[in-house]
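K.L.:
Next one to model:
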Amino acid sequence: VQLVESGGGLVQPGGSLRLSCAASGFTFSSSAMSWARQAPGKGLEWVSGLYSGGTTYYADSVKGRFTISRDNAKNTVYLQMNSLKPEDTAVYYCTIGGTGRRPNRDFGSWGQGTQVTVSS
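P.N.:
As a prediction, the model looks like this:
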């Protein structure tokens, strides 16, 4: 199993970024996929999840600003992030599975993460 995130970077408040997570080594199309983030000095928290049937989850802090999507032909899950705020600054990780469990990078399959910094 391999998950490779990309698309992070430095963006000004109000800006946008699109994160990608390229997956391999498992049946992507039938798997729920989720994004979590860890801000400096804070714990890992769920951001968004997308289930194989199309059901989505968004943390309250990102509802209306972030959109999760997937391309099963490319085995890739995306996180479109708009109207970014300084408090969105974090390392963003993708993982297999939904958000119905406590996020813990010691369990399951996780990518290496991509840094998102929102600052003027």
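
K.L.:
Which strand residues bridge the residue most central in space within the chain?
P.N.:
With distances taken as Cα atoms, centre = their mean, the chain has W35 as the residue nearest its mean C-alpha position (2.7 Å). Beta-bridge pairing of W35, defined through DSSP bridges, involves S48, C94.

K.L.:
Isn't it up against S20?
P.N.:
No: with contact defined as Cβ atoms under 8 Å, W35 does not reach S20; the gap is 10.8 Å. Backbone N, C-alpha and C define where each C-beta goes, glycine included.

K.L.:
tell me the contacts of the residue nearest to the centre of the chain?
P.N.:
Residues counted as contacts of W35 (Cβ atoms under 8 Å, 6 or more residues apart in numbering) are 19, 21, 46-49, 68, 77, 79, 92-95.

K.L.:
Type out the PyMOL command that picks the buried ones from those residues.
P.N.:
Those of the contacts of W35 that meet the burial criterion (16 or more other Cβ atoms under 10 Å) are gathered into one PyMOL selection, given here:
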select buried, resi 19+21+46+47+48+49+68+77+79+92+93+94+95
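
K.L.:
tell me which of the contacts of W35 is nearest to V62?
P.N.:
Using Cβ to Cβ, V47 is the member of those that lies nearest V62, at 5.8 Å.

K.L.:
Relative to Y93, how far out is the closest residue in space to the closest one that isn't next to it in sequence?
P.N.:
Excluding its sequence neighbours, the residue lying closest to V47 (Cβ to Cβ, 6 or more residues apart in numbering) is W35, at 4.5 Å. Separation of W35 from Y93 (Cβ to Cβ, to the nearest Å) stands at 7 Å.

K.L.:
Then Y58?
P.N.:
Distance, Y58 to Y93, using Cβ to Cβ: 16 Å.

K.L.:
How much space separates the residue nearest to the centre of the chain from A90?
P.N.:
When distances are taken as Cβ to Cβ, W35 and A90 turn out to be 10 Å apart.

K.L.:
quick one: A36 and G49 touch, right?
P.N.:
No: A36 lies out of contact with G49 (Cβ under 8 Å); the separation is 9.2 Å.

K.L.:
contacting residues for the closest residue to K74 other than its chain neighbours?
P.N.:
In space, not counting the residues next to it along the chain, K74 is nearest to A22; the distance is 7.5 Å by Cβ to Cβ, 6+ apart. Residues in contact with A22 (Cβ under 8 Å, 6+ apart) are 3-4, 6, 74-76.
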